[in-house]
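Trainee: No letters, just coordinates:
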């Protein structure tokens, strides 16, 4: 039976055969045509084939001559002719290709969700991937997973685009000298067998493995076996984002590596020391966003957040008080705080001596002193209900101090728990990398095996790793792309995407998830697990390896299925630990750390950090992320030198114009961007840009695609890994393309600035907790005074039945932008590219407006997501001459794409300017998802698989906008109709709502009095944006409430 | 190409057409007009390079009805506008627009006005032309050289010979009395040909024929069949680069965009832990009872009958004896490749565990395809329930009948 | 004398033994002469080049997508609509002069009404191009017409843009009718003067066999009077409707009841400016000084002062309303207009439209053809900027600061704008060459010699 299946439907066959087949067939170049065409031609003429056609009743398969094809195979091949059905100027033909053996439970055109997990920097986030006809098209959070709780970040949302990225490497490459030769996995396997066979002889002498951090238990086991087989080998782990600070800090504090699990929900006062709890490199950022949002309900106990940080972070946006100091000064603050708190709290002796109050110019400054005193008091007053967090980029001592402060304040066990970090491979990534670099330099490395990562690009420029990689006699790189590292290795092996392979991974708290594939590897790539197995000569499939790993926890098939289904293995988290704090030595503070606020004699501090969008650069080729406006700077398609206006003025660096940043002789030239809330004397550079071998989106030197942004790794040193001191920045007259920001509110001319300032309070309505308690309906007093709103007509419909509405809680929104990318993924929103963004033609249906208030030094920031407000009296509708936008009887403002001729009048008349226009055929001719055209280019065929089939792919010349995910509404209605039931609240969730980690967005039926959204609309904080226009928007915003410390007022 | 100024075809004196008097000032022509009017002539007219003030009265021209025609047209335009807007926007395809009523006058006023003006304006021109019976290709006086000045600087009065009061001598005298600049008796015009120049005719014919071509093509497209898809130059959104259900994608070896889920993956909500219900298994052997989750009641029986009728009868026949239509045809064809379907009422099946039956339906056997994908789980159990009833019917004995019914035999 | 006659073949006084004949000759020989002045050739060549640019840029935009222009969000209407409104405005003086002045029995109109009308029609043609090409899918403008279709969809008649379609097309039609009807008698004159068969045929066909019989004149005058009566409110309606595109929108800076009157005044203003701009060279090169006299120019310049003041009043009133309405958004829009990012455009507009016409208070200036020409041109520039200011500055900064932007035109925008002038002048120069530039019969009818009093005979 199974043999027959293989013949009948290759797709049913085992992974290996499938991958082999698809590697052959997947066309490589525009001209390349899938090989099976030849076989088709032969096929047509075989007599058996004609006979089988004439035969009305297919013979029982057992009777078939071994090589005779079948009718269904013929059908499959006919399907391929779609490729040839040229568009031309005729109506395009479309063939239906039903599966001849449809697996049970699969209904064509319906979606299914599969639990899986995406690992980033050794921390897995559990996801639900939506699959349409067996193709993943959308990612959402797995509510059961402790890291996600249902939320996702933009990175997860965009990862689905990575599966179909046409720039992904589709085969192994063999390089020697300057020449690269396309190879195959077969050839690679042969080479690896012989090569590692030989290494076995030398017990792995001169073998070095550099792997990206992974929490996969299976990989860990394989690693053990590998090191057993090659005892001489040395295995290092490197990640460019995380520092060693956290681990070293816990070592310093507890003598053993521990992980801190935060519970801000339970905290009344939260202090972050240069820690962006919502950044993708902070473990548990999604869960934390939700936890903090829940702990900040103005109606319940509302926490107060203090942020001490060098630049505005997402958390800084939420914080009630912010103290901008240079990264190097955070240590001083922490020490001072320890001194003050210990003085007030009188800690037990065994916690060791407190730090002495440092003599610092900074602490001398009145504002800072005041801040610290108030903070210390507040913390102590809330002992046991407070929380101190240090950021990953801070040195060990700051982390240790944070641990100490939590201990002193008695928060341990209440707002922060500890678990032992059993996954800590080594004490310091950097040391490992440096060691490896030395070995390479000294030619001690015979074979270098790089599992994932892109060290040639991400290693500190100081190490010149890109040149060193070549020093190894044999270097093998497994990665998704044929990237900077691959191009310097003798072998590039194309990896499988996490949505393509079996695996497992651990959450920050240790919970294990089984990673299940959503689709067979499109380019026949393999996972690290598969590769290691191959090197060990183990032919077991990845799935079976994973099963074997969890034999103990999941003894039988049933248990395993359950784990796969849920996406988590229950009770697999690390056991709680209660480490005892050791006394801390006094921290060392250099004069710069003790210095004042102002720029120290031109000695700039240069900080580096992963970009919120492209992370360390591994996501650089995902156009969705490049086009996603960076939450705070609203910068797209670029990175810039973020600098405080005051400092910039001192250095003569002009806003938006080129500047050169120099550290230790190395320089990078990139545009400067003046940002409020940035500490003086400090410049920030986002990592992950300036890729030269990423792809058609982010830059590819070989095909002359200019890199996006500038490579900040070049300036990185081992010493100044996160914050390099003694840097400098100067104006440069280099002619760089203008920065493309999507919301220029902050840098406007005087008039515009005043205008914006004047109306901001009405648009984003805020109050302090005290004000709110006094006047819960404060939003009304913020409204533009206007005459009573009278309509000329009684509305022609009264919206019985469904009445869809949305509410967005500004108090919860952290502005991370996950919703924006989620919307893009759900609704086939094209990418327009840097130039068009600069012209203000971005297509994002949902935008997150960012408002700064107050003085540039330390402006307050508020975020406001703006989807289509679905006005009941929609101004856009009346002006459309062709009725392309009309109102549904459920109150939706519908777009009829194929009726739209593109007068753009609706956009002019939209007070919220949420309408987007296809000035070009972005989805096909322009960048679209990733730049490949025309439609019959095989690469286009691959990339267009990411489109959501339930949503129109708009062509040029039509207007589009948020539809409240009308396709989801319709699907839900159809389902409900089939079972003749109503639609309970919460069944329909818009894409933005689904992705929001902070639960800021609520959607539902306003006629359903019990629905969340109805309650939100009735809430005292609810207000309609520009309600005075009498448009009756269906979106309500819940005013933001801040909780400042009265002492700091 | 025939020339309008070719010499007269037939010789001999042409009959008199009328008398033409020429004047140099408006005053003279008005005076003359009065005389001629008073003389009671009816078939006469004056020709002037511009509208001469007061000549209407002098000639006794009555007021034209043109204004009334225009008024009518205007009203028609107005009505059209009202009907058009009412019918399209609030009756034929009512739209909910900006929460405004389906029909309210204010928004429709501009177009009412425009159509009123449009209709009247066009009518004004057309009516003027028609009433003046223009276009008028050739005028009898065209042949008179001097008459060309009627559109330049001189003023002419012409009395037709056809006028009942016309008498050559008398009329001439009358005109003389008006001190004309000149008098000329005009003969019937023979110079201009009666027929249109052939060239022009050809042109007209060709144009008429050409104008019919598009319609002909349209008709052809409408009433003939073609295998090539219709011409569609701008695809817009009719051909979208996305993959709807079951479409093809040549990048995959099987040409399908549909992918089969990887083995052993589990979709959310498809855990299916109940072996009895989902696999017909009871421990390691086939379940002999219906699963507890399944309610074997009247409804289930009816459902089963219906499903059986849809999925099973084609091969197994209504009685389940394995004599369905398909099977019959296959045996007629006798291609030798056909395995006849099982008679479901035979003992082997009757004694088969329901679990095993369930498994057979789900995964198929021999050339019976698996029905798992098509028939929902509970329906499969319902079919088995009905099948059991069928079997019972077949295996029934007299003993099964009520005593009362037995007497019927 | 070749040199002189090259420059101007019309220096010799018109021939003919009476006033009427001389008028005819003066006008008709323009079309009958073998070679028009060299200036005509130069102008025509230039116009053709610009026309090519026009067609080229349009083709490019249609082929690649209208993103080739600078339009963006929030300024979704850029140059194309600015040009549209500009040209529609120009297209007002013609019909106004013919119709309203006709009803007001202003005898001086006869000198200029014909080519004012021609100008109107060509301007409307230029305007008509833009709504068609500015839309995102230029192959589908017919969706805006009430044509029965398989989608069973109809135009949305609540949309001002839909009103526009009807208003502009009606206006174009009526203007052409009016123009053509006026020319019928003059075509007849040309026909009768024709020396060659083809000229005779051509003018004969368009003259439709008009013979100038008094019975024809009678109906003709009725029809013409009615058309004038119809065209007058039409002229006023067209630009009012165009102004509705903005006035009925919610956008600060657009949403004012002032617009219809303001736009009509502006249109007349701009229209007259264009008339003088064309009249001066025309009378210069085609020896029409006897017909289009300095007096005519002076009268038109007076109209310019009047309408210029009206427009200036409107500008001021906008600010007053913005302040008086106490609507902060409205208020900001106007402050921003005058002192914000587009201040340069605003002050250009004020200088050209409000200040420059004031020079006409001086008789010396308003009677000098050169000054008239220059000021006319300046006003045209100003009127274009008025539309730019209204459309772009209002859109660029509307309600939410987050969506504010700055419109930057691309080379294609300029090509299309300049090119539209190419289209206009091509048509206009052809008109000067082949059609009766002055309403011959009307001029005659108003000539003293035409007022006959047979009583004293």
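Mentor: Perfect, thanks for sending it. As the structure is a computational prediction, the values presented were derived from the model and not from experiment.

Trainee: and the biggest helix by length in chain B, what other elements does it pack with?
Mentor: If you go by DSSP state H, chain B has its longest helix at helix B:198-223. Helices and strands touching helix B:198-223, by 3 or more CB pairs under 8 Å, 6 or more residues apart in numbering or on different chains; DSSP states H and E: there are none. (Glycine included, C-beta is placed from N, CA and C.)

Trainee: Would the helix or strand following it count as contacting chain A?
Mentor: Moving toward the C-terminus from helix B:198-223, the next helix or strand (DSSP states H and E) is helix B:275-279. No - legend: contact between helix B:275-279 and chain A by CB under 8 Å from any CB of the partner chain is lacking; minimum distance shown is 8.9 Å.

Trainee: which secondary structure elements does helix B:275-279 contact?
Mentor: On a contact count with 3+ CB pairs under 8 Å, 6+ apart, helix B:275-279 meets strand B:281-282, helix B:354-363, helix B:377-394.

Trainee: and the longest one, which residues are buried?
Mentor: In terms of neighbour count (16 or more other CB atoms under 10 Å in any protein chain shown), helix B:377-394 has its buried residues at B:377-388, B:390-391.

Trainee: Just the element for the residue nearest to residue C:421 when sequence neighbours are not counted, please.
Mentor: Sequence neighbours aside, residue C:50 is the residue nearest to residue C:421 in space, at 5.9 Å (criterion: CB to CB, 6 or more residues apart in numbering or on different chains). Assigned by DSSP H and E, residue C:50 belongs to helix C:38-64.

Trainee: Roughly how far does residue A:996 sit from chain B?
Mentor: 20 Å (CB to the nearest CB, to the nearest Å).

Trainee: Same check on residue A:874?
Mentor: Per CB to the nearest CB, residue A:874 is found 5 Å from chain B.

Trainee: neighbours of the closest residue to that residue other than its chain neighbours, just the number please.
Mentor: Spatially, and ignoring its direct neighbours in sequence, residue A:874 is nearest to residue A:893 (4.7 Å; CB to CB, 6+ apart). The tally of other residues near residue A:893 (other CB atoms under 10 Å in any protein chain shown) stands at 27.

Trainee: Please apply the same query to residue A:871.
Mentor: Residue A:871: 26 neighbours (other CB under 10 Å).

Trainee: and the helices and strands packed on helix B:275-279 as CSV, adding mean pLDDT and distance to chain C?
Mentor: Converted to CSV, the helices and strands packed on helix B:275-279 look like this (pLDDT from 0 to 100; distance: least, CB to the nearest CB, whole Å):
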stretch, mean pLDDT, distance to chain C
strand B:281-282, 86, 55
helix B:354-363, 91, 45
helix B:377-394, 89, 40
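
Trainee: So which of these is nearest chain A?
Mentor: helix B:354-363 (6.9 Å; CB to the nearest CB).

Trainee: my guess is residue C:61 meets residue C:68, correct?
Mentor: Yes - between residue C:61 and residue C:68 there is a contact at 4.8 Å, judged by CB atoms under 8 Å.

Trainee: can you list residues touching both of the two?
Mentor: Residues touching both residue C:61 and residue C:68 (CB atoms under 8 Å, 6 or more residues apart in numbering or on different chains): residue C:412.

Trainee: Got the confidence number for residue B:5?
Mentor: In the prediction, the pLDDT value recorded for residue B:5 is 47.

Trainee: try residue A:88
Mentor: At residue A:88, the pLDDT value in this model is 60.

Trainee: do the same with the one 5 residues further on
Mentor: Confidence at residue A:93, expressed as pLDDT, is 78.

Trainee: can you check residue A:177 too?
Mentor: 80.

Trainee: Report the contact partners of it.
Mentor: Counting by CB under 8 Å, 6+ apart, residue A:177 has no contacts.

Trainee: I'd like the distance between it and residue A:490.
Mentor: Taking CB to CB, to the nearest Å as the measure, residue A:177 falls 10 Å from residue A:490.

Trainee: and what of residue B:38?
Mentor: Taken as CB to CB, the span from residue B:38 to residue A:490 is 121 Å.

Trainee: who's in contact with the closest residue to chain C within the stretch 501-650 of chain A?
Mentor: Nearest residue of the stretch 501-650 of chain A to chain C: residue A:634, at 8.9 Å (CB to the nearest CB). For residue A:634, the contact set (CB under 8 Å, 6+ apart) comprises A:741, A:742, A:743, A:744, A:850.

Trainee: Can you tell me which of those has the lowest confidence score?
Mentor: residue A:744 (69).

Trainee: how near is the residue of the stretch 51-200 of chain C found nearest chain A to residue B:236?
Mentor: Chain A sits closest to residue C:136 of the stretch 51-200 of chain C, with a gap of 2.0 Å, by CB to the nearest CB. From residue C:136 over to residue B:236 the distance is 11 Å, taken as CB to CB.

Trainee: Alright, calling it a day.
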